[in-house]
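Peer 1: I'll drop the sequence and a predicted model, then ask my questions.
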Amino acid sequence: MSKLKIEGGIPLRGETELQGSKNAVLPILAASLLAQGPCEIENVPRLSDVRAALEILRHLGCSASMEGRCAAVDTKGLCRWEIPEELMGRMRSSVMFLGAILARMGRVSLTLPGGCELGPRPIDLHLDAMRALGAQVSEEGGRLTLTAEALHGGTVLLRLPSVGATENALIAACLAKGETEIINAAREPEIEDLAAFLTAMGARVSGAGTSRIRVEGAASLHGARHRVIPDRIAAATCLAACAAAGGEVTVKGARQDHLGAFLAVLEKMGVSLEFGADYIRARTPGQLKAPGTVETGPYPAFPTDGQPPLLAACLTAAGETKFVENMFENRFRHVSELMKMGARAQVRGRVCTLRGGALHGAQVEAADLRGGAALAVAALAARGESLIGGLSHIERGYDGLAGVLQDLGARAFEID
Ligand code: UD1
C-alpha cells in the first residue's frame, strides 16, 4: 500500500495548474448516457472515482475511455439498466447514475451506496425527485428498482438543497415530457457546469446556479464536447497548504468567483491574496491569526469539503478556531490523526475547537478523501517527516497530490 511521505517545515514557493473538478465530472459522465451520439469531455482529472464511473458506463454497454485528460463516451451499445453491487460500492457518487439510466432506459436498478465514511448519506431526496417525475420506486434486499414507462415533467421540491439530488433531477428532467421545476435547488458551480454540458447536448435548462432551475424536456439529446471547470476544492487545498507552511504559491486556473467564502476566511487569517484573470496567488507573511468561527453550509456558504484542509491550516494560527460542521455528521475523523502531529483540538458532535501551536511529523492514516488532504496540509507545516497512509482515499479526488505539492516546492513523495 503506497503512502505519502512529506518532509515538513519548509515554506512553499511555486506554481501549479489546477486539475478539473471531480464533483463536476462525475455527474457529467453520468449525464453523457443521455446522448444519442458520442461525447468528448476535456480536463478530466485522473482519479479512481473517474475510473469507477467509466467502468459503470462500460458495464452498461457504452464505450468509455480516457486518453490523457479527455474522456470519450459513446452510448451506442447501451443495453443494461442495472449496476452491480461491486461497482456501486466503489464510489459513493455512483448514485449519480440513477436519473440518467432511468431517463434513458425507462428503468434502473442499483444497490444503496453502502458503508458511509462521513456518516449517514441518505438518498431519499433523490428518490422523491424521481417520483415527482413519474417513477415508481421499489426496494428489495438492499436493491432499489425504479421504473417509469415515460418520465413526465413535474415540480421537484427539495427539503434540503442537496447537490446530488439536484443533479439527478436535472439530468432526468432533460428527457422527461414537459416542463420541470426544481425548487430549493443546490447552487454549486458544479451544477452550472452540468447544465452547460446538458445544454451543449441540446437540453433546454435555465436557472442553474440559482435555487430555481427550469427544464423543458426533449425527446432526445445529441453528443457534445465539453471542458470541465477547475476544481475549487483542489484549489482550496493548495491555498490552505500555503497558509499552513508559509511562502507564496500560485494556483493557475483557480476561480475567485467559486471560492468566495473560503477566500474570505484565508484573508481574515492574514493570508494575502492576489487575483489574476486565471490564477490566484497566496502569500503568507508570517504568523497567522485564528479566523474565529467557521461554519460549513450549502454553496455559497463555506464548503464542507474545504473544512478539513482549512482546519489543518488553523492548527498553526495564533488563537482559538471553532469549526461547526453543518453538512455531514462524521466529518472530523482527521482530527484524532492530527493530534498525533501535536494538534490541540477537541471534537464535540458537530463542533471542533482547536488552538494553534507547533506541529511535528508523525505516522498517520487518512480515513477519507478530504481528511487525507488535511493530513498532507498539516504535514507541510510540521517539523520533521510525516508518513500518510490510506493514499487510496486521497486518490479518489486528487490527481497526483504529491506532484502538485512538489510543484509548490514541497518535499512530498509517494512511496511504496
Ligand atoms: C456533494 C459532493 C460532496 C460534498 C457535498 C456537500 C459530489 C460528487 N459530492 O455530495 O463532495 O461534500 O455535495 O457539498 O458532488 N441528504 C439527505 N437526503 C438525500 C441527499 C442528501 O438528507 O437524499 C443530506 C446529506 O445527508 C447531507 C446534505 O443533505 O447532510 C447534503 O448532501 P448532498 O448535497 O446531497 O451531498 P452529495 O451530493 O452527496
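Peer 2: Alright, I've got the coordinates. Numbers count the residues shown, from 1 in each chain.
Peer 1: buried sites along the lowest-mean-pLDDT helix or strand in the chain?
Peer 2: When each helix and strand of the chain is scored by mean pLDDT, DSSP states H and E, helix 85-90 comes last, with a mean of 88. By neighbour count with 16 or more other C-beta atoms under 10 Å, helix 85-90 contains the buried residues Leu87, Met88, Arg90. All C-beta atoms are positioned from the backbone trio N, CA, C, and that covers glycine.
Peer 1: Next, see if that helix gets close to the ligand.
Peer 2: No. In terms of C-beta under 6 Å from any ligand atom, no part of helix 85-90 sits within range of the ligand; the closest distance is 13.4 Å.
Peer 1: From the chain's centroid, how far away is that helix?
Peer 2: 19 Å (C-alpha atoms, centre = their mean, to the nearest Å).
Peer 1: Stretch 281-301 too?
Peer 2: 19 Å.
Peer 1: Kindly report the same for stretch 18-25.
Peer 2: The answer for stretch 18-25 is 8 Å, by C-alpha atoms, centre = their mean.
Peer 1: Just the residues contacting that stretch, thanks.
Peer 2: 41-45, 47, 49-50, 53, 69, 71, 163, 188-190, 193-194, 227-235, 238, 251-254, 305, 396-399, 404 (C-beta atoms under 8 Å, 6 or more residues apart in numbering).
Peer 1: Return only those of the residues you listed found close to the ligand.
Peer 2: Answer for those near the ligand (C-beta under 6 Å from any ligand atom): Val163, Glu190, Asp305.
Peer 1: could I get those as JSON lines with pLDDT?
Peer 2: Below are those laid out as JSON lines (pLDDT from 0 to 100):
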{"residue": "Val163", "pLDDT": "97"}
{"residue": "Glu190", "pLDDT": "98"}
{"residue": "Asp305", "pLDDT": "97"}
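Peer 1: Which ones among the contacts of stretch 18-25 lie within strands?
Peer 2: Counting by DSSP state E, the part of the contacts of stretch 18-25 found in strands is Ile41, Glu42, Ala71, Arg227, Val251, Lys252.
Peer 1: ok, now which ones touch the third one?
Peer 2: By C-beta under 8 Å, 6+ apart, the residues touching Ala71 are Val25, Leu29, Glu40, Ile41, Val44, Val50, Leu54, Ala64, Ser65.
Peer 1: Make a ChimeraX selection of the buried ones in these.
Peer 2: Buried residues within the contacts of Ala71, by 16+ other C-beta under 10 Å, are selected in ChimeraX with:
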select :25,29,40,41,44,50,54,64
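Peer 1: ok so, going back, just the ones in strands among the contacts of stretch 18-25 now: which is nearest Leu380?
Peer 2: Nearest to Leu380 among those is Val251, at 14.9 Å by C-beta to C-beta.
Peer 1: which residues sit against the helix or strand following the least confident helix or strand of the chain?
Peer 2: Once the chain leaves helix 85-90, the next helix or strand it forms, by DSSP states H and E, is helix 97-105. The set of residues external to helix 97-105 that reach it, using C-beta under 8 Å, 6+ apart, is 30-31, 33-34, 56, 60, 75, 78, 81, 83, 107-108, 110, 123, 126, 129-130, 135, 146, 148, 151, 167-172, 174-176.
Peer 1: which ones among those residues come in contact with the ligand?
Peer 2: Ile123, His126.
Peer 1: Just the ones of the contacts of helix 97-105 in helices?
Peer 2: Ala30, Ala31, Ile56, His126, Ala129, Met130, Glu167, Asn168, Ala169, Leu170, Ile171, Ala172 (DSSP state H).
Peer 1: Make a ChimeraX selection of the buried ones in the contacts of helix 97-105.
Peer 2: The following ChimeraX line selects those of the contacts of helix 97-105 that are buried, judged by 16+ other C-beta under 10 Å:
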select :30,31,33,34,56,60,75,78,81,83,107,108,110,123,126,129,130,135,146,148,151,167,168,169,170,171,172,174,175,176
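Peer 1: near the ligand, which residues of the stretch 251-400 of the chain show up?
Peer 2: Thr304, Asp305, Met327, Phe328.
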